[in-house]
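Q: Predicted model follows, preceded by the sequence.
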Amino acid sequence: MRLRRLDLIRYGKFETRSLDFGERGAESDVAIVYGDNEAGKSTAFAAWLDLLFGFPRQHPYAYRFQRSEMMVGAVLEAGDEVLELRRTGAQNGSLTDANGREVEELRLKSLLHGLDRDAYRTRFSLDVTELNRGGEEISRAQGDLGRLLHAGMSGLSGLSDTLDAIEKEVDAFHRKGGRTTALRTAMRELEDLKARLAGSRLEPRRFDALRHALEAAENDLKETGGAFAEAQARLALREAADKRRGIRVRMDELGRALAAHPQGPPLSADAIRTVTEAVARRHDAAEGLAEARRRAEEARVATEGIAADPAGLEVAVILDVLEEARFDDGEYLLPRVQTAAADIETRRASRAALQRDAVKLAEAIGGPGASPEDVRLTRGALATLRKRAEDLCDAEARLKDTARLRDKAEAELGPQIPMPEGRDALGDALEALDRLRDDPEAAARQAEELRLASDRAAAGLPADWRAIAEAGLPPEAEAMAVAAAATEADRALREAQARLAEAEEICADARARQAALLDRGDVATDDEIERTRGARDAAWTRHRASLDDASAGAFEAEMLRDDEARDRHARSAEKRIELASVAHDLARHDAASRRRRAEWDDACAALEATRRDAAVMAARLGLAGDTPPASFRERRMALAGALDARLLTEASQAAAEAASKRRRGALVRLSAALVAAEGGEIDLGDARLDPAARRCKTALDRQADASRARTHAAGTLESLNRDLREKAEAAEACRTAYTAAVAGLWCADRPAQALLAAMDDLQELAELHGQAQDLDRRIDLMNAALERFAEMAGDLAGLLGLDPEARVAELIARARGRAGAARKTAQRIAEVARALADAETAIGAHEAAISRSDAAIAGAFAGQEGIDLSQPSETLATLQARDALRRDLAQLSADHDQAGAGHDAEALRLEEDDADPLRSDELRSVLHETGEARDAALQARGEAKASLHQAMQAAGGADLDQQRATILEGVREEARLKAAQAFGHMAARGALRRFRHDSRGDMLMATEAAFVHLTRGEWSGLDVQPGGRTERLVGIRNGEPVPAEAMSTGTRGQLYLALRVAGYAAFSTRFGPLPFVTDDVHETFDDDRARAALGLSAEMGREGQAIVFTHHRHLVELARHIIPGASCLGF
Amino acid sequence: MKFLHAADLHLDSPLRAQALKNPELAARLRNASRLALARTVDAAIDAQVDALLLAGDVFDGSVPDVASRAALAMELGRLDRAGIPTLAIQGNHDALLDLDRYGPVAKSLILLDETAPTFRIGDASIHGLGFGARHVPESLLPRYPAPEPGRINLGLMHTSLGGAAGHDRYAPCAEADLLAHGYDYWALGHIHLRSEHRGERSLAVMPGIPQGRSIREIGGGSATLVTLDLDGARAEPVPIRLIRFATVQVDLGTAESQAERIERIAESLAAEAQPDVALAARVEFAGAGALAGEPDLARSLAEEASDGLDDVHIETVRFVRSGEAAPPGAVAELSRMMQEDAATPGFRDEAAKLLEEWRRALPVEIRDALDPEELDGLIEQGVEMAVLRLAAEAGRT
């Protein structure tokens, strides 16, 4: 397909503009379109795309014409056929011929070989941005030949980015050996949760331990709680006695203070409130009286200096009426009057000027003497006339073009060509072979790799490992549970042992302290003085019975021993307390030590049980009975891994054998297809069979293309004959419609072209008429406003002392000033009179309030002896202090009784009599110690209870289980998605590999030729080198290969341009040419390279059609020089 | 007489839902199975039933958390105080469980087994045989007592009946034999999808799991209230679940903007949502076009739509494959070649190897997600996604 002319009929800023590329040049079909920036080059390309594919729904160029009014047209050459088409914004049937008849979209689609808008744009247009992006694609593709050839063919430059992004996303989830993938992270989280789960589940053994701990703690609490309660009661009794003694001393002091205050009844709350309020009221009234007298004097002085303005108030009344006045349309009078007074003369001058312009236009259209009324037409009539005239001109032009195309098509139709046979079968056989290309070797290599991996996985395992694994491995959770239980039991035993040792050590310390205190001998216990008193009494009994010296001496000795013991008893009170405390501690530590020993016994038993479980598990994993449980999981994983690897190896070996068999079968089928296509016997080896088959396939493809082209040309000629007849009929219909439209008008005898030339003036005349009508209406409104104002203002100027002809604006401004001042003066006079009356009323009220306050104070103090009424506040304070002392005394008496409540009266009396100052401290010390013991037991019980409660109330392992399940569900979904993405990526890779294989021959050669040409020999060629799973494109400079991705930015751009040129050639060869549009791609080239690039455009023009947009004038000259026959157009 | 029949509580078996990535929802449903038990007990008390029947798999394993046992004891204690006894049998999951390790779970819990297969309440005789081992390959029906004449006879049985997808075959039993045994009502358990089987004078009900645990368990969500009188046996489901898993179809065919797509999704989700129960939805898009190439974006749109709805959460998104040829345009040729390449044996072998490697890399519990049977579907999905993504990229340039 070739574009002969592009018509911007109503499109963007253009109207009836055409780019006529003319006939195809003899050697090369190249058109250079020159225009400044913003001249409309992009608009023209968009119009070309819209013609081919329709207008987008939201159109960026619909600013001068509505989308529905836009129209673009083109004359296309397809083989020998010439098509003139129009595209409009209609919902249906937007593609028409030049006469407005609908044309099937299929006609264009077949010319475009199925390409849609995006595909055509990317393949057949190129600008600087795309050139740069293509250069970047070369860099990103790392020279991958398949990707580069695809980019050159399709024009797509984002392929690498997208494929890299997919690969990156897949790798981010899972990559063999990857340590930071999402899957590995999730696996670590799952492992962590699994380990935490073991400790979180409330399993029966843990529950039993918690329950036993609680029972022990409760017994301990019961014991220590009893001791504490007893000590508490003894101290409470002592403190009550101390308190009562203190209260009695305080009561005596208060009685003495009360005797110095006045006599009389206690003051009631009402009396206190009455005195307080009366004193406050009297004070406020005195201050208010002084203030009221000052305000009255100020008002009298102000009244004397103010004078009223009655004339100003009259002006205010007239102004109010004017301010509120409105016209019938609701607008206020004053603004409009002021505008009218200012503008009316200017409007009258504009109206006269419009009339002069209209007369001039009328003479230009209708000749000298013609008046505007004679030649003026309505807007509707003008539109109809324009449409009829344009239709007639277009129809005549289309008829002429079609006749010429039809003659040419008939002359160029050649002989018929038959379709070749056997081509499809040969193509299928080649494709089948391509799909198997790497299959057998790769499968064999993979099987060998897996075998080695399997051997490595089994290294270090016992000889019968497979039998152990296939007999059934214990679940991983079970192996871990046994290991965890053993670790836990071992840890519990160590802790129990440490706790036992610590308890026994504390116990020994307490026992040593007790022995040390007793050994010192300076402590006399109650038991000791009981014994010495008993011995003394016995000696006395014996002495009284015998009354001899010996018994007297014995008695004396016992008496002295008893006295000494009692003396020591009195001196060692503090030491006795210390000894009692040590004894108490010893008992407590003894009990703790016994509990720790019981715990240690339990831990020993638990450890033994876990060791038995571990021995059983070791046997199931093929390990010795004394193997540490920590290695169970590793052994289990090793066994499972080895078994998996061995099974995988066996499956892979079977797959390799099958792949080899498939390859042999494909070659046999290819040989049979080649024999069928070429005829006769062929005996070629495997190595030569493939190239021979491909050469044969290429020849058959070319013959098939030629046959299809001949059939298509015949169809085109038939279509042109039909088109010619239809266009002649259409032209006649347009002529009839035009004649009918001008009949009876002053222009009835004017030709359509002449009428179209006068259209702009006629349009302007209609515009001038509309403007004149609008001005007349405005002048009338202004006159009415000025007359109404004069009537309503009356003698306003006289009242203000102004000339009756004064300007409206000045009159209104002066009236507003005078009215405002008069109103303010009247308002001030009224305010001063109100202030004087208020002040005189206040003076009377304050004087009455002072008298009432004095009477209330005297009544409240009635009955009190020896008080001063002239100082009511001080008197009130004295009486309130007296009443407070009376209340304190009563409260102390009640406290005294209260302190004794709840205690045995006799015990309390004895305690009050005992004045020993050390006794209270001694009791507090005992309470403190028993309290600490009780608190410790309480805390231990609380902790045990909380542990059990927490374990029971907590979700156990449910929370962690839930987290684990959520992670697993996420991984499940993500794994499916990423695996699918991985397959998509694999398929894209495979497709590019095939693309590389299919396109590398001709296209690579064409790219190399274009690249050498573009670089003017600086690069001598291109080559292909193997690289990983694909092949890499390299450039040759100075005999050395340079990877494509290592080229400079400019060179990569040139390589991309070369790829696109080659891609264009490949497409044209396969399907036929389409116009290729470049937009200022030469601006980054120096003159030498621009010359070379234009040379390539000439090369493209030999195969098809190249359209070069540029805003560099020197490129136009350069193109004329380099490309013979290139057409040059300008915007 | 009235009974509330439930089965397969699977106490402390977790929910397997991506929706629980939402911390507020995760906190609320942390103890979903225990909350479902509490709702079951509430329903029994509200309906003033004569007994609660639990047809096996009360616990998910044979060594449960003592905390789970405590939760069961607390809930059955509430029933006890309301004067409602509980009759239960053990299923395949809790077959080896020693329920009496710490004494009776509740005063009114009666465990039916070989030693005491029948218990009588009023006019009803309730028979049951629990699992004594994890795997019971043969039918238990012949060992059930004969119906007692003149009384209402009910049977509790944990069975896979004739077999069901996704459930192991345990204590299989033909439906016809069951209904012909002479009992008025069979309270069944094991299969998590609710179903009713009616015979001439007998009704058997599989109540389904009271709280489905994942998008793969959408057929339960209730207990069954059974009424037995002179008119025979009647059953009606009583909603229990706290969260409902459902697949929601959304047609995006003609939506032109993201806002319109979000609106379509929100409409479909709102139509599926029910009051008082959270919804975890697998959104299946039809006519998604290029969006099918960008599943992360699709999920974002779905979550945006669900944000405006009360207690609606997105479990996952899927795409209904269009099955159309590759979209026309710049990638059409590449798309065709990808499809051809994906159909070759070499590609399939490489893909199968990759799938196996990935499958082994996954945690054991979810390896079924990449089962070799899934290979074809995953390849088709992957090729379509890649083509759509390349097409979208081509449209942007």
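A: The structure has been received and is ready for your questions.

Q: what pLDDT does the residue of the stretch 851-1000 of chain A found nearest chain B get?
A: Closest residue of the stretch 851-1000 of chain A to chain B, C-beta to the nearest C-beta: residue A:984 (3.1 Å). All C-beta atoms are positioned from the backbone trio N, CA, C, and that covers glycine. Predicted confidence (pLDDT) for residue A:984: 92.

Q: How about whichever strand or helix holds residue A:665 and chain B, any contact?
A: Residue A:665 is part of helix A:632-678 when elements are defined by DSSP states H and E. Yes - judged by C-beta under 8 Å from any C-beta of the partner chain, helix A:632-678 and chain B are in contact via A:644, A:648, A:652, A:655, A:659, A:662.

Q: Assumed the residue of the stretch 851-1000 of chain A closest to chain B was part of a helix.
A: Yes - note on residue A:984: a helix contains this position according to DSSP: H, G, I helix; E, B strand; the rest coil.

Q: which residues sit in contact with it?
A: A:166, B:338, B:381, B:382, B:383, B:384, B:385, B:386, B:387 (C-beta atoms under 8 Å, 6 or more residues apart in numbering or on different chains).

Q: Would you map out the domains in chain A?
A: A:204-264+A:874-953, A:379-410+A:685-744, A:423-470+A:635-678, A:479-634 (automatic domain parsing).

Q: any idea how far the last one is from the chain center?
A: I take that to be domain A:479-634. 68 Å (C-alpha atoms, centre = their mean, to the nearest Å).

Q: swap in stretch B:46-56?
A: 21 Å.

Q: which parts of it are buried?
A: B:47, B:49, B:50, B:51, B:52, B:53, B:54, B:55, B:56 (16 or more other C-beta atoms under 10 Å in any protein chain shown).

Q: in terms of contact, does the second one touch residue B:6 like I think?
A: If I follow you right, that is residue B:49. No - the pair residue B:49 / residue B:6 is not scored as a contact, 11.2 Å apart, by C-beta atoms under 8 Å.

Q: any common contacting residues for those two?
A: With C-beta under 8 Å, 6+ apart as the test, residue B:49 and residue B:6 reach no residue in common.

Q: filter the buried residues of stretch B:46-56 down to the ones close to chain A.
A: Filtered for proximity to chain A (C-beta under 8 Å from any C-beta), the buried residues of stretch B:46-56 leave an empty set.

Q: can you give me the strands in the stretch 201-350 of chain B?
A: B:203-206, B:222-229, B:232-239, B:243-251, B:278-286, B:312-319 (DSSP state E, counting those that start in this stretch).

Q: can you tell if the last one touches chain A?
A: By that I understand strand B:312-319. Yes - residues of strand B:312-319 contacting chain A under C-beta under 8 Å from any C-beta: residue B:316.

Q: Any buried residues in whatever helix or strand residue A:196 lives in, and which?
A: Here residue A:196, judged by DSSP H and E, is contained in helix A:182-200. Buried residues in helix A:182-200, counting neighbours by 16+ other C-beta under 10 Å, are found at A:182, A:183, A:184, A:186, A:187, A:190, A:193, A:194, A:197, A:198, A:200.

Q: State the distance from the nearest residue to the last one once chain neighbours are set aside to residue B:105.
A: Take residue A:200 and drop its neighbours on the chain: the residue closest to it by C-beta to C-beta, 6 or more residues apart in numbering or on different chains is residue A:957, 4.6 Å away. Taking C-beta to C-beta, to the nearest Å as the criterion, residue A:957 is separated from residue B:105 by 20 Å.

Q: I appreciate the help and will end here.
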